[in-house]
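*Asks:* I would like to see how this sequence folds:
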Amino acid sequence: MVDVFDALTTDRPYKAALSYQGAADYLASGRGTHFDPDVVNAFLKIPYRDLAETASRNGAALASP
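*Replies:* Below you'll find the model as predicted:
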């Protein structure tokens, strides 16, 4: 599921990156069907600032919510 979040929030040649909120909404909509609900719930509890900081340390930017 985290790889899906990364794919959604990273610019691709064929699509622009979604914002954090857009990606979070996508993951939430797949909770229980495409993604394990416990994993989605745990991931969505991570504060945006922590995810943005992690992205920055790895040379990426996370669009604001």
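
*Asks:* tell me the secondary structure at the spatially most central residue of the chain.
*Replies:* Centroid-nearest residue in the chain, with C-alpha atoms, centre = their mean: residue 5, separated by 3.3 Å. What DSSP: H, G, I helix; E, B strand; the rest coil gives for residue 5 is helix.

*Asks:* wait, what's in contact with the nearest residue to it once chain neighbours are set aside?
*Replies:* Residue nearest to residue 5 in three dimensions, not counting chain neighbours: residue 23, with 5.4 Å by C-beta to C-beta, 6 or more residues apart in numbering. To be clear about C-beta, it is placed using only N, CA and C from the backbone, and glycine gets the same treatment. If you count contacts by C-beta atoms under 8 Å, 6 or more residues apart in numbering, residue 23 has them with 5, 8, 9.

*Asks:* also residue 62?
*Replies:* Taking C-beta under 8 Å, 6+ apart, one finds 9, 20, 48, 51, 52, 55, 56 in contact with residue 62.

*Asks:* can you list those residues in a markdown table and add pLDDT and neighbour count?
*Replies:* Formatted as a markdown table, these follow (pLDDT from 0 to 100; neighbours: other C-beta atoms under 10 Å):
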| residue | pLDDT | neighbour count |
| --- | --- | --- |
| 9 | 94 | 21 |
| 20 | 94 | 19 |
| 48 | 95 | 13 |
| 51 | 94 | 17 |
| 52 | 94 | 17 |
| 55 | 92 | 17 |
| 56 | 94 | 11 |
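
*Asks:* closest to residue 39 out of those residues?
*Replies:* Checking the contacts of residue 62 against residue 39 by C-beta to C-beta gives residue 51 as the nearest, at 14.9 Å.

*Asks:* spatially nearest residue to the closest one (excluding sequence neighbours)?
*Replies:* Leaving aside its sequence neighbours, residue 51 is closest to residue 62 (5.8 Å, by C-beta to C-beta, 6+ apart).

*Asks:* the one you found and residue 48, how far apart?
*Replies:* 8 Å (C-beta to C-beta, to the nearest Å).
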